[in-house]
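[1] the following block contains a protein sequence and its predicted model.
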Amino acid sequence: MMTDKPSTLPAFNPSGSDVVAEIKRRTEELLQFLDARVPANRERAIAITNYEQAAMWAVKANFT
């Protein structure tokens with residue numbers, strides 16, 4: 001279950017950026033919702049991968 005192993009590593013924020021922290025918090029909240037409400041199948045796995053990728057790019061956009 002995602003609640004046992006966060007996929008976006010919310011605690012990892014070496015920059016201390018509030019924006020990064022909020023992106024990670026909201027992403028984790030969404031992933032937990034998917035874990036609880038969407039059947040475990042290939043489509044859910046693809047959705048999770050893409051949400052994680054979107055969060056990664058949103059974080060990276062703060063440092064360019």
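    Right, received. Where do you want to start?
[2] off-centre distance for the helix or strand where Trp57 lies?
    Using DSSP states H and E, Trp57 falls within helix 42-60. Its chain's C-alpha centre and that of helix 42-60 lie 7 Å apart, by CA atoms, centre = their mean, to the nearest Å.
[3] so for it, what gets flagged as buried?
    48, 51, 55, 58-59 (16 or more other CB atoms under 10 Å). Where you see a C-beta, it was placed from the backbone N, CA and C, and this is true even at glycine.
[4] helices or strands up against that helix?
    helix 18-37 (3 or more CB pairs under 8 Å, 6 or more residues apart in numbering; DSSP states H and E).
[5] average pLDDT for the helix it packs on, rounded please.
    For helix 18-37, mean pLDDT is 94.
[6] likewise for stretch 51-64?
    Computed over stretch 51-64, the average pLDDT equals 93.
[7] and the contacts of that stretch?
    Applying CB atoms under 8 Å, 6 or more residues apart in numbering, the external contacts of stretch 51-64 come out as 7-8, 15, 17, 19-20, 23-24, 27, 30-31, 34.
[8] looking at these, which is nearest Arg42?
    Comparing the contacts of stretch 51-64 against Arg42 with CB to CB places Leu34 closest, at 13.3 Å.
[9] isn't that closest one up against Ile46?
    No. Assessed by CB atoms under 8 Å, Leu34 is found out of contact with Ile46, at 11.1 Å.
[10] what's near enough to touch the spatially most central residue of the chain?
    Centroid-nearest residue in the chain: Thr27, 3.6 Å away (criterion: CA atoms, centre = their mean). When contacts are counted by CB under 8 Å, 6+ apart, Thr27 touches 8, 51-52, 54-55.
[11] those into TSV, with extra columns for distance to Phe63?
    Below are the contacts of Thr27 laid out as TSV (distance: CB to CB, whole Å):
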residue	distance to Phe63
Thr8	16
Tyr51	20
Glu52	18
Ala54	16
Ala55	14
